[in-house]
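>>> From the sequence below, what's the structure:
(2 chains)
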2 protein chains.
Amino acid sequence: MEEELRALLRDLDALKQSADPTAIDRMRERVAGMVSPAAAAAAAVGAARSKIKDMSAEVVDSNPYSRLMALQRMGIVDNYERIRDYSVAIVGIGGVGSVAAEMLTRCGIGRLLLYDYDTVELANMNRLFFRPDQVGMTKTDAAVQTLSGINPDVVLESYSLNITTVKGFETFLGSLKAKSAHGCNTGVDLVLSCVDNYEARMVVNQACNELGQTWMESGVSEDAVSGHIQLLVPGETACFACAPPLVVASGVDERTLKREGVCAASLPTTMGVVAGLLIQNALKYLLKFGQVSPYLGYNSLKDYFPTMEMKPNPQCSNPACVQRQKEYMQSKPARDAAAKAKMEAEASAADECPVHVDNEWNISVLDDSDTATSSILSTAADSLPEGLVRELPTADSYQEPIAPVTSGAIDDDLEELQRQLDALNSS
Amino acid sequence: MEEELRALLRDLDALKQSADPTAIDRMRERVAGMVSPAAAAAAAVGAARSKIKDMSAEVVDSNPYSRLMALQRMGIVDNYERIRDYSVAIVGIGGVGSVAAEMLTRCGIGRLLLYDYDTVELANMNRLFFRPDQVGMTKTDAAVQTLSGINPDVVLESYSLNITTVKGFETFLGSLKAKSAHGCNTGVDLVLSCVDNYEARMVVNQACNELGQTWMESGVSEDAVSGHIQLLVPGETACFACAPPLVVASGVDERTLKREGVCAASLPTTMGVVAGLLIQNALKYLLKFGQVSPYLGYNSLKDYFPTMEMKPNPQCSNPACVQRQKEYMQSKPARDAAAKAKMEAEASAADECPVHVDNEWNISVLDDSDTATSSILSTAADSLPEGLVRELPTADSYQEPIAPVTSGAIDDDLEELQRQLDALNSS
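Below is the predicted model of the structure:
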């Protein structure tokens, strides 16, 4: 663009000399070319790629989906391309939400709905995603700018609004129920909460309880060194109001309270890890692979990752949650029957299946009842494909070490245990 | 820019009507503004920010370091600004290395050395960081382009070379030892390996063993759903050759082998999590907070995070590793004496300290011997600051539930244990 503008300068100089009306027309045409939608997009993100109709599994450098379709060939996901049928809403496009949006965009999600009312600030630059040149833009506009450049196949809907206002909540609820632009599905398949305050979480909770919408919660601590993700299925798991925090803001704006003197710390690492765990859980949920975690914590100081499950609270303060709990209980007989039918179908299918099916790598799965298993396996492993050598001697050349435990030590332990038992019995 | 160009169009239309020479001058000025160096940079990366001399802790939207300096105020890090004195080398700017580089850049690391010989392809777009408009650029050039726009305070050195060639290895080793451009330190403080093959890992291992350089290893599985990070301190922990994989490529190019028919899968989630865990560990190591993990695995299908420690192998095939092990053993008396002196100094300092020091939040740390602790604590907790209310009743209104254990059950357990002990004694 710079070269074109310089040419324009030269022509303006010439124009001043001649004042030729046709020169003005030519300049007009060129400036119009610079502002046409395609040219504007190219100037913003360089040579962005064009849309792709079908996800190809072809292993070529020019295929942006080859490494994702490989998940299918490797047996991780049954049908990766199904991801294009899904719509995901992300509430809060900050340190976690923006990275979550980028991950889903690069994975080729069908439709992404983005909600935020904030603008990009230089103070956000210690987290991934936003760039200094986007300072002043709304976070949703900046996100759409970046994401559409990365993957034009994703349908992006941006909502620059505050969901905690009455009007904002109405729009939020309406957009979650609305038919998607390309009309292939109604509503969204998953809502991801990436907000940074209690009030907004309670609003997402309210909307999802009302709609019976499965969602995932995420959060990062104010000291920036821990975080968590949580799956919430209305009626089936605890909702966000089932186990509220012990202390909450009341009567004052929570954001004012939080910013009073103390500024919350944040790190791109913790937020990147939480976004990664969140979207991994979302992919497992949508594409049905692995185990979807009901709750996963991240304590970065000790690299400790606690997990837990939370049942809904029958005395929950949220009426919509209590209603969903009732419905879930009432549908139990139908669920049990469906589960039983599925198990029986799988059992009869297993009866008909061989222990292993032929595959292109000649890998054999052996029956447990086959006593010759270990010798067959070691023979098979001895003949490595061409180009591979063993770095260490084979297992055969090692002897099982004899455990250095004397019987005296065992006796001492038993006597000590006996003494403890006697003491317990006599007390 | 688009808005300015549209305004220019309107003025060109007006100009055609009036042909006023001063109108031409005004337009000229505006176009010149758009092409001036600052404006050209703004067009390329928008309004990139200027360099900042000192890291300020001031809580204003325009301070890119406010949320990082808050780590100090929150007691997580002693001196955050020390990060500007550190140099980190990242080998491999792919799915993990590029995100790791972005995280360190946003954290304000002093100097970053980037090594890769590959170019950006559309097939890389399913991972974070690179953009479609960077296709064809070397990964190091594309990384410098993006990173310098994000944080101009970081000194970036880019090496587009293959470290597994003789010449590449020499340059690699030389650059790790060289004085930094701004002369404030010699060599690097940490090497991060983010490569995707065994051969390159062995080369990083060789360089770090030769230099006695602490480094961290990272890796993601070919099926994209697990990964790991590992800390390697030459002589002190296992090196990469101490416990080699059971099967490695030999005589053929590992990359040819890997790509034969099968294309490795990858996900932005797994790679983002591994990059986050890696840089979190690097920050803990450099800024001395939390516990640095010797090894941390990530199994995303089950959200399982195994940890372990590996001692060096005295029979390691790498001579430099064996040499570092010898030096580490020889320096043991000196290390023990230093540790003892430090412990004594801390113990005497603790003797002089009060149980708690005054702080601005009026938080009191009470002595364990104080029997009135619980009543004092509950009184203090009863008076919440203005604007906060309790969401649940206080602890006082709950009764401790009585454990539903009958003495009969205990006796049964004891008898069963007794029987097991008797059986063990008689055998």
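>>> Let me know the pLDDT of residue A:327.
Residue A:327 is assigned 97 on the pLDDT scale.
>>> and if you look at residue A:285?
pLDDT, residue A:285: 98.
>>> Quick one: residues contacting it.
Counting by C-beta atoms under 8 Å, 6 or more residues apart in numbering or on different chains, residue A:285 touches A:190, A:214, A:216, A:231, A:292. Glycine gets a C-beta too; all of them are placed from N, C-alpha and C.
>>> Residue A:415: how many residues sit nearby?
Residue neighbour count, defined by other C-beta atoms under 10 Å in any protein chain shown, stands at 12 for residue A:415.
>>> Which residues are in contact with it?
Residue A:415 neighbours (C-beta under 8 Å, 6+ apart): none.
>>> That one belongs to a helix?
Yes. In this structure, residue A:415 lies within a helix as judged by DSSP: H, G, I helix; E, B strand; the rest coil.
>>> can you tell me how far it sits from residue B:421?
10 Å (C-beta to C-beta, to the nearest Å).
>>> ok, back up a step: top of the contacts of residue A:285 by number of neighbours, please.
The most crowded member of these, judged by other C-beta under 10 Å, is residue A:216 (24 neighbours).
>>> That residue: helix or strand, and which one exactly?
Counting by DSSP states H and E, the element that carries residue A:216 is strand A:215-220.
>>> neighbouring contacts of that strand?
The contact list for strand A:215-220 (C-beta under 8 Å, 6+ apart) reads A:95-96, A:100, A:190-194, A:196, A:201, A:204, A:208, A:226-232, A:240, A:266, A:270-271, A:274-275, A:278, A:281-282, A:285.
>>> The residues you listed in strands, which ones?
A:190-193, A:226-232 (DSSP state E).
>>> With pLDDT and distance to residue B:139 added, can I get those in JSON lines?
Shown next, in JSON lines, are the ones in strands among the contacts of strand A:215-220 (pLDDT from 0 to 100; distance: C-beta to C-beta, whole Å):
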{"residue": "A:190", "pLDDT": "97", "distance to residue B:139": "33"}
{"residue": "A:191", "pLDDT": "98", "distance to residue B:139": "36"}
{"residue": "A:192", "pLDDT": "98", "distance to residue B:139": "30"}
{"residue": "A:193", "pLDDT": "98", "distance to residue B:139": "35"}
{"residue": "A:226", "pLDDT": "96", "distance to residue B:139": "32"}
{"residue": "A:227", "pLDDT": "96", "distance to residue B:139": "29"}
{"residue": "A:228", "pLDDT": "97", "distance to residue B:139": "34"}
{"residue": "A:229", "pLDDT": "97", "distance to residue B:139": "31"}
{"residue": "A:230", "pLDDT": "97", "distance to residue B:139": "36"}
{"residue": "A:231", "pLDDT": "97", "distance to residue B:139": "36"}
{"residue": "A:232", "pLDDT": "97", "distance to residue B:139": "40"}
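>>> and of these, the nearest to residue B:144?
Nearest to residue B:144 among those: residue A:227, at 30.4 Å, using C-beta to C-beta.
>>> Just grab the bridge partners of the closest one for me.
Here residue A:227 sits in beta bridges with residue A:220, residue A:298, going by DSSP bridges.
>>> Spell out the secondary structure type for residue A:49.
The three-state label given to residue A:49 by three-state DSSP is coil.
>>> Check what pLDDT residue A:297 gets.
At residue A:297, pLDDT is 97.
>>> oh sorry, the question was meant for residue A:58
85.
>>> wait, what's in contact with it?
Residues near residue A:58 by C-beta under 8 Å, 6+ apart: residue A:66.
>>> Around whatever residue of chain A ends up closest to chain B, count how many other residues there are.
For chain A and chain B, the shortest gap (C-beta to the nearest C-beta) falls at residue A:133, measuring 1.7 Å. Residues contacting residue A:133 under the criterion other C-beta under 10 Å number 21.
>>> these two touch, right, it and residue B:48?
Yes. With contacts counted by C-beta atoms under 8 Å, residue A:133 reaches residue B:48, the gap being 5.8 Å.
>>> got the residues of the stretch 51-200 of chain A near chain B?
Contact residues (C-beta under 8 Å from any C-beta of the partner chain) of the stretch 51-200 of chain A with chain B: A:59-68, A:70-71, A:73-76, A:99, A:102-103, A:106-108, A:121-123, A:125-128, A:131-135, A:149-151.
>>> Could you give me the PyMOL selection string for whichever of those residues are buried?
Burial among those is assessed by 16 or more other C-beta atoms under 10 Å in any protein chain shown; the matching PyMOL selection reads:
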select buried, chain A and resi 59+63+64+65+66+67+68+70+71+73+74+76+99+102+103+106+107+108+121+122+123+125+126+127+128+131+132+133+134+135+149+150+151
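>>> so who does residue A:100 touch?
If a contact means C-beta under 8 Å, 6+ apart, then residue A:100 has A:90, A:192, A:194, A:218, A:275, A:278-279, A:282 as its contacts.
>>> Tabulate those (a markdown table), appending neighbour count.
Converted to a markdown table, the contacts of residue A:100 look like this (neighbours: other C-beta atoms under 10 Å in any protein chain shown):
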| residue | neighbour count |
| --- | --- |
| A:90 | 28 |
| A:192 | 28 |
| A:194 | 30 |
| A:218 | 26 |
| A:275 | 34 |
| A:278 | 28 |
| A:279 | 32 |
| A:282 | 26 |
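>>> Which two of these have the greatest separation?
Pairwise distances across the contacts of residue A:100 peak at 11.4 Å for A:194 and A:282 (criterion: C-beta to C-beta).
>>> just to revisit the earlier point, check the ones in strands among the contacts of strand A:215-220 for burial and list the buried ones.
Neighbour counting by 16+ other C-beta under 10 Å classes A:190-193, A:226-232 among these as buried.
>>> any idea which helix or strand of chain A has the worst average confidence?
Within chain A, no helix or strand scores below helix A:373-382, which has a mean of 40 by mean pLDDT, DSSP states H and E.
>>> contacting residues around the residue lying closest to residue A:207 once chain neighbours are set aside?
Nearest residue to residue A:207, sequence neighbours excluded (C-beta to C-beta, 6 or more residues apart in numbering or on different chains): residue A:173, at 5.4 Å. By C-beta under 8 Å, 6+ apart, residue A:173 lies in contact with A:207, A:210-211.
>>> Nearest to residue B:298 among those residues?
Set against residue B:298, the nearest of the contacts of residue A:173 by C-beta to C-beta is residue A:207 (32.2 Å).
>>> Make sure the closest one is actually in contact with residue A:169.
Yes. At 7.2 Å, residue A:207 and residue A:169 qualify as touching, with contact defined as C-beta under 8 Å.
>>> These two: which has the busier surroundings?
Taking neighbours as other C-beta under 10 Å, residue A:207 and residue A:169 compare with residue A:207 leading, 22 against 16.
>>> check contacts around that one.
Per C-beta under 8 Å, 6+ apart, neighbours of residue A:207: A:163, A:169, A:172-173, A:176, A:191, A:213.
>>> Make JSON lines from those residues and add secondary structure to it.
Shown next, in JSON lines, are the contacts of residue A:207 (three-state DSSP):
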{"residue": "A:163", "secondary structure": "coil"}
{"residue": "A:169", "secondary structure": "helix"}
{"residue": "A:172", "secondary structure": "helix"}
{"residue": "A:173", "secondary structure": "helix"}
{"residue": "A:176", "secondary structure": "helix"}
{"residue": "A:191", "secondary structure": "strand"}
{"residue": "A:213", "secondary structure": "coil"}
